[in-house]
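Trainee: Make a model of this:
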Amino acid sequence: MTDAKPPSADTLAAAAKAARKKGPPPVHLWNPPFCGDLDMRIARDGTWFYLGTPIGRHELVKLFASIIRKDGADYFLVTPVEKVGIKVDDAPFVAVDFNRDGDALVFVTNVGDEVRAGPDHPIRVVRDPQTGEPSPYVLIRRNLEALIDRKSFYRLVDIGEVANHGDCDWFGLRSEGVFFPIIPAAELENLG
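Mentor: As a prediction, this is how the structure comes out:
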């Protein structure tokens, strides 16, 4: 049994900074030992907390965001030598804006990631079973999604369309030739 302390946010930040000098860290290739959980949490609005206090330095948040990985239902910060568990309330990122580029919807996250929705970066919408409230997501990298913020989602709804998808008509979004269903068209009409 060792008396080794679990890694701190400082040691993780230093390792992430060193790894990032060579481009995006290949966290999917690293398989370090699990070192325990870190008192770090990402709130639904994208705010990162360490020891219960918001991390105020955006560059530090971006650094941590570069080494996040999801294994199963759990989230980890991973470096070549350590892997620590963190809590994520909903999704690790928030899509804070989007624009049109030709036929593509290009999303920007709270940590500066940019993705074009399409076959490799699908949009999905989960509806709360009790309230029916939608929670829209776009895949950012590997199995890490961004929750699309409310203002962006309202803008997306404004440019949505009705199309046949499967066996019925759906209201949804199209990007890079792919249709992403949001709600059955019949339900949309009942809301109006």
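
Trainee: confidence score at the spatially closest residue to Ile68 that is not a sequence neighbour?
Mentor: Leaving aside its chain neighbours, Ile68 sits nearest to Pro92 (5.3 Å; criterion: CB to CB, 6 or more residues apart in numbering). Yep, even glycine has a C-beta here, placed from its N, CA and C like the rest. Listed pLDDT for Pro92 reads 97.

Trainee: Near Pro92, how many other residues are there?
Mentor: For Pro92, the neighbour count with other CB atoms under 10 Å is 24.

Trainee: That one contacts Ile42, doesn't it?
Mentor: Yes: counting by CB atoms under 8 Å, Pro92 does reach Ile42; the two are 5.5 Å apart.

Trainee: Residues in contact with both of those two, list them for me.
Mentor: Overlap of the contact sets of Pro92 and Ile42 (by CB atoms under 8 Å, 6 or more residues apart in numbering) consists of Tyr75.

Trainee: Flag every buried residue along stretch 122-139.
Mentor: Residues of stretch 122-139 classed as buried by neighbour count (16 or more other CB atoms under 10 Å): Ile123, Val125, Pro136, Tyr137, Val138, Leu139.

Trainee: for the residue nearest to Ile68, what are its contacts?
Mentor: Counting by CB under 8 Å, 6+ apart, Pro92 makes contact with Ile42, Ala65, Ile68, Lys70, Tyr75, Leu144, Glu145, Ala146.

Trainee: where does the last one land in three-state SS?
Mentor: In other words, Ala146. strand (DSSP: H, G, I helix; E, B strand; the rest coil).
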